[in-house]
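S.K.: Next input, structure requested:
(chains A and B)
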Amino acid sequence: MPKMLAVQIDNLWKKYGDIEALKGVSLQVRKGEIFGLLGPNGAGKSTLMSCLLGLVEPDKGTIKLLGRDVNDGVKRKIGFSPQDILLYKRLTGRENIWFFSTLYHVSQKDFAIQLQRLIKLLDMKDFIDRRVESLSGGMKRRINLAASLIHNPELLILDEPTVGLDPEARREFWSFIRLIKKEGKTVLLSTHYMDEAEELCDRVAIIDKGEIKAVGSPQELVERYGGLKYLVIHVPTIYIDVAINKLAHLRVKLEAGQLVKRTEVPEKDLREIMKFAQSEKIPIRRIEIKNPDLEDVFLNIAGRRLQGNE
Amino acid sequence: MSNEIWGILIKDLKSFLREKEVLFWYVAFPLMLMFLYSAIFGGESSITLDLGVVDYSQDELSNSIVNALNETKIFDMAIYDNTSAGLSLLDERKLDILLVIPEGLLENITRGRQSSLKVYIESYNPNTAQLSKSVIEGFFIEFNRNMRKRLLDEMAKYMPSNLSYNGYTFTRETLIGFMISFSEPLNVSSVEYIRGGRTVTYKEFLLAGLFGYIFLFSGMSGVAFMLAAEKVEGHIKRIKASIAKPINILIGKTLAELLLVLLNVAIIIGTSIILLRPAIYLDFIVLTPLIIIGAVNGIAIGLLLATLSPSPRAAGSASIAVATFLQFFIGLYFPLEIFPAFLRGIAEAIPFTKVVEAIRLSLLEGVGWEKIYPDVFPLIVLGVILYSLSVLSYRRWVKK
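M.R.: Numbering: from 1, shown residues only, chains lettered A, B, ... in the order given. Below is the predicted model of the structure:
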């Protein structure tokens, strides 16, 4: 195994009864990167994470974490933050983090040093000594994250870390993840949010129905699988049916409730649509030229939309 | 102490002590139970039975019966003119007992004829009927005895002081003695033997029983619920992902539960002493190991229930069901002597019964460890076996 790999998974299979949760998954995560597992619910992300953490025994295949087998004392170097906020609500943030530090045999001295660092890093000073039951979702997520970092792991595994957070709290959380990366740690996270994968991750693996469909940086994936640029034509809702009929010959289609024209020459097609719409008296509000994103990548690979599967 | 054992111990204790609702059920509820049971079964308030009397005789003797009944304070008495009036009230369950005194009671007695009094007992509720029957029969046994003595005393006035027959001479007293022994061959008198020189009130009896309640509901159900909650909330998964050893987690939980049981007992005893002022011996050298033995057995059963149940909900229900069942069988509220023979056999076979009995002996009579130990030893062995089984079951459960 090359030294620069934090995670190496080879041909991993896992079956629950008749359901094949993982079908020959192979994956490599480099040290120091933020790696995203992007897929809809039920794609196999949680099973894969459970295998990584040694919670589930795979039927077949191998996993190496930081060059070692998961049961070979490597757990000490791994931090895990589950999808649900698993904190004890009657305890304060500090008490919760202390409890998790005991599970990793962190000494009192190291705990004190590490906690001070995390309070600063995750900006928890104002609420660290409040009971968890009184904290907001974003605060709880930060405590949860700190609990998984208290033993100073090299590899951090985050299962759907921003589920349930509002957009502002999510963006704030992403900034914390970037800070953790800056400290030289590797972050492996699962998500079903396209924007999270796109904005936060250095590399992304698209997973669907237990299989890795594609791996690469968000840009690479978009270039390779995203398809053509497209125009989104905004008309009042009442005119959508009229517009789709009148603009059909220009290959304008209805995609997810929007009038869309995929094109290699967006400027030229934009002018043509404007001209025709004017002559047919279709009240166009505006036309956007859009680049394909990971949503399009997933659509092109899996044949359906990512967000529609939530 | 290993790091994670300490962590689990502190975490569980803090979580518990900050949960006001749980504190109520663990501490206030047993005390409420004690006050409630004491009020109902403590014997400090006397029972009262509704008695109707129909007196067709209306003479000196019937009046003395009515007066004597009244003086017992057991009966709430009312006089009716005729039997049918009394029976209709009995039928409406407004009376527990109806006594009908026939005509000419005194006349019959003075002429040496027996009189028959009729007693009707309302029997809708067999327990009340049994009580009514015992009370009224007990009254007449005593009344008859007094009357017999009075009649014999009366007779003696007309007897010669010496009576000769076949060359033998009998004194009046000898003859009276013979007559008494004919009518009442055995004279049974009961003497209250009080072990330790004092009687035990029901509150004191119940206080010892509450230890058993704590083993069942705090120790057994408590650990079953706590473990089930850890699983249902997903904490076990996170703990399993760490380097902590499952066995250490179990030890930490056991110690936390053990401390909670000790704390619970301390609060119950402390509050009882302040509020009830019971006369008890507090020999902590004897009591502490007994509490630990009882608690470990309870915790071990709770762990088995939690780990063998298919779901946390099932674990919770099972622990409550077992605790509810056991509380009536281990002598918490009532002495085992009142149980039917076959149930008593079952009760005595339940390990908790022995520890509750031992605690009662220590607490109420100040009995030392050397006398208690032989009875409790099987429970120590059982505790070791149960806890070992629970460890195996827990390891399998965590792996699963």
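S.K.: For residue 268, grab the count of nearby residues.
M.R.: Looking at chain A here, since you left the chain open. 10 (other Cβ atoms under 10 Å in any protein chain shown). C-betas here are computed from N, CA, C, even on glycine.
S.K.: that's the wrong chain, I wanted chain B
M.R.: 21.
S.K.: surely it meets residue B:30?
M.R.: Yes. With contact defined as Cβ atoms under 8 Å, residue B:268 reaches residue B:30; the gap is 5.9 Å.
S.K.: Disregarding flanking residues, what is the spatial nearest neighbour of residue A:23?
M.R.: Of all residues not flanking residue A:23 in the chain, residue A:210 sits nearest, at 4.3 Å (Cβ to Cβ, 6 or more residues apart in numbering or on different chains).
S.K.: what's the overlap in contacts for residue B:268 and residue B:30?
M.R.: Common neighbours of residue B:268 and residue B:30, using Cβ atoms under 8 Å, 6 or more residues apart in numbering or on different chains, are B:210, B:214.
S.K.: Relative to chain B, how far out is the residue nearest to residue A:23?
M.R.: 21 Å (Cβ to the nearest Cβ, to the nearest Å).
S.K.: Is that residue in contact with residue A:43, as I believe?
M.R.: Yes. Between residue A:210 and residue A:43 there is a contact under Cβ under 8 Å: 7.3 Å.
S.K.: buried sites along the helix or strand where residue B:344 lies?
M.R.: According to DSSP states H and E, residue B:344 maps onto helix B:341-349. Across helix B:341-349, burial judged by 16 or more other Cβ atoms under 10 Å in any protein chain shown covers B:344, B:347.
S.K.: tell me how far it is from the chain's mean position?
M.R.: 15 Å (Cα atoms, centre = their mean, to the nearest Å).
S.K.: next helix or strand past that helix?
M.R.: helix B:351-365.
S.K.: Touching that next one from outside, list them.
M.R.: Counting by Cβ under 8 Å, 6+ apart, B:195-196, B:200, B:204-205, B:207-209, B:211-212, B:215-216, B:280-283, B:286-287, B:290-291, B:293-294, B:297-298, B:326, B:329-332, B:336, B:347, B:367-368, B:371-372, B:375-376, B:378-379, B:382 sit against helix B:351-365.
S.K.: Quick one: buried ones out of the residues you listed?
M.R.: By 16+ other Cβ under 10 Å, the contacts of helix B:351-365 give B:200, B:204-205, B:207-209, B:211-212, B:215-216, B:280, B:286-287, B:290-291, B:293-294, B:297-298, B:326, B:329-332, B:336, B:347, B:367, B:372, B:376, B:379, B:382 as buried.
S.K.: low-scoring pLDDT stretches of chain A, where are they?
M.R.: Counting by pLDDT under 70, chain A has low-confidence residues at A:1-3, A:306-310.
S.K.: nope, the stretch 251-400 of chain B is what I meant
M.R.: If you take pLDDT under 70 as the line, the stretch 251-400 of chain B has no such spans.
S.K.: coming back round to it: which of the contacts of helix B:351-365 fall in strands?
M.R.: Among these, no residue falls in strands (DSSP state E).
S.K.: Just to be sure, which of the residues you listed are found in helices?
M.R.: In this view, the contacts of helix B:351-365 that belong to helices under DSSP state H are B:204-205, B:207-209, B:211-212, B:286-287, B:290-291, B:293-294, B:297-298, B:326, B:347, B:371-372, B:375-376, B:378-379, B:382.
S.K.: Tell me who's in contact with the residue nearest to residue A:207 when sequence neighbours are not counted.
M.R.: What sits nearest to residue A:207 in space, not counting adjacent residues and going by Cβ to Cβ, 6+ apart, is residue A:39, at 3.8 Å. Listed by Cβ under 8 Å, 6+ apart, the contact set of residue A:39 reads A:45, A:190, A:192, A:206-208, A:306.
S.K.: From those, pick the one nearest residue A:219.
M.R.: Closest to residue A:219 out of the contacts of residue A:39 is residue A:206 (14.0 Å), distances taken as Cβ to Cβ.
S.K.: That closest one touches residue A:38, doesn't it?
M.R.: Yes. Counting by Cβ under 8 Å, residue A:206 does reach residue A:38; the two are 5.5 Å apart.
S.K.: what sits in contact with each of the two?
M.R.: A:294, A:298.
S.K.: Mind checking which of these two has more residues around it?
M.R.: Between residue A:206 and residue A:38, counted using other Cβ under 10 Å, the more crowded position is residue A:38 (30 against 24).
S.K.: can you pull up the bridge partners for the residue nearest the centre of chain A?
M.R.: Geometric centre of chain A, nearest residue: residue A:191, 3.0 Å, by Cα atoms, centre = their mean. On the basis of DSSP bridges, residue A:191 takes part in beta bridges with residue A:38.
S.K.: Correct me if wrong: it contacts residue A:160.
M.R.: Yes. Using Cβ under 8 Å, residue A:191 is in contact with residue A:160, at 6.1 Å.
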